[in-house]
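A.B. asks: Got a sequence here, can you build the structure:
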Amino acid sequence: MEKHKMILMAEEKFAREVTLGVIVTRPLSVWRNIIPGMFIFDFLSREGALRKYTEYFLFPRKLAIDAIQALARGEEKTAVFSHIEQETTGWLNSLKLHTPGLLQAQLAVTKLLVDHYAKLIEEDGYSVYALIKKAYNRVNFEGFIKELTTAEAEVDRKRLAKMGGTEKLRAKIEAEQKQIKERREKIIEEVF
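C.D. replies: Alright, predicted model coming up:
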């Protein structure tokens, strides 16, 4: 399988696991058991949340993979990163989340991902875990994870500020961050 696709598939699986982890910890609605057929609406709501988070999580990752491919074709780095900035601006505008601070935070995450994926693409392996093991040692990979987690936390902080910072949103973001942390720790243990 092409490495680019393999990486995106692993990232999509990761996003789905995070979302499912958040959803499972959320209690089912009381109405699910009281009203016949309500479980269908509950299922659709959870499926929508899964799709929405996965799309949100994958957007910078797809941009990073596209950037790696463009750089491999010989496109100039400044043009590639300019394109990333334009795409990210349009995406944030479509979500009604655009602020200069959030844009810069999101671009920082995407740049980290570009550097990470570039390392993975250079290696040979049959799985993303194999690529990680060849591209990093445990300490370096843990350092990358820490740097990425810090950058993602800044995105979440800026997103929370833009969206009003309600307690419900804050709890949702904290649950997502907890799931991401747990899954990344699991990856580190499985790879190394």
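
A.B. asks: average pLDDT across the host helix or strand of residue 7?
C.D. replies: According to DSSP states H and E, residue 7 maps onto helix 3-25. For helix 3-25, mean pLDDT is 83.

A.B. asks: what's the answer for stretch 105-122, then?
C.D. replies: On average, the pLDDT along stretch 105-122 is 96.

A.B. asks: can you start the count at 34 instead of 1 from here on
C.D. replies: Noted, 34 is the first residue going forward, which turns the last one into stretch 138-155.

A.B. asks: Tell me the buried residues in that stretch?
C.D. replies: Neighbour counts over stretch 138-155 (16 or more other CB atoms under 10 Å) mark 138-147, 149-150, 152-154 as buried. C-betas here are computed from N, CA, C, even on glycine.

A.B. asks: packing partners for the helix holding residue 40?
C.D. replies: When contacts are defined as 3 or more CB pairs under 8 Å, 6 or more residues apart in numbering; DSSP states H and E, helix 36-58 sits against helix 71-105, helix 133-155, helix 161-168, helix 200-224.

A.B. asks: closest one to residue 125 among the ones you listed?
C.D. replies: Nearest to residue 125, of all the helices and strands packed on helix 36-58, is helix 133-155, at 6.1 Å by CB to CB.

A.B. asks: now for the closest one, which elements pack on it?
C.D. replies: Packing partners of helix 133-155 (3+ CB pairs under 8 Å, 6+ apart): helix 36-58, helix 71-105, helix 110-127, helix 161-168, helix 171-196.

A.B. asks: who touches residue 100 in this structure?
C.D. replies: With contact taken as CB atoms under 8 Å, 6 or more residues apart in numbering, residue 100 is in contact with 113-114, 116-117, 143, 147.

A.B. asks: between these, which is closest to residue 192?
C.D. replies: Nearest to residue 192 among those is residue 143, at 14.9 Å by CB to CB.

A.B. asks: measure that closest one to residue 122 for me?
C.D. replies: Residue 143 sits 12 Å away from residue 122, going by CB to CB, to the nearest Å.
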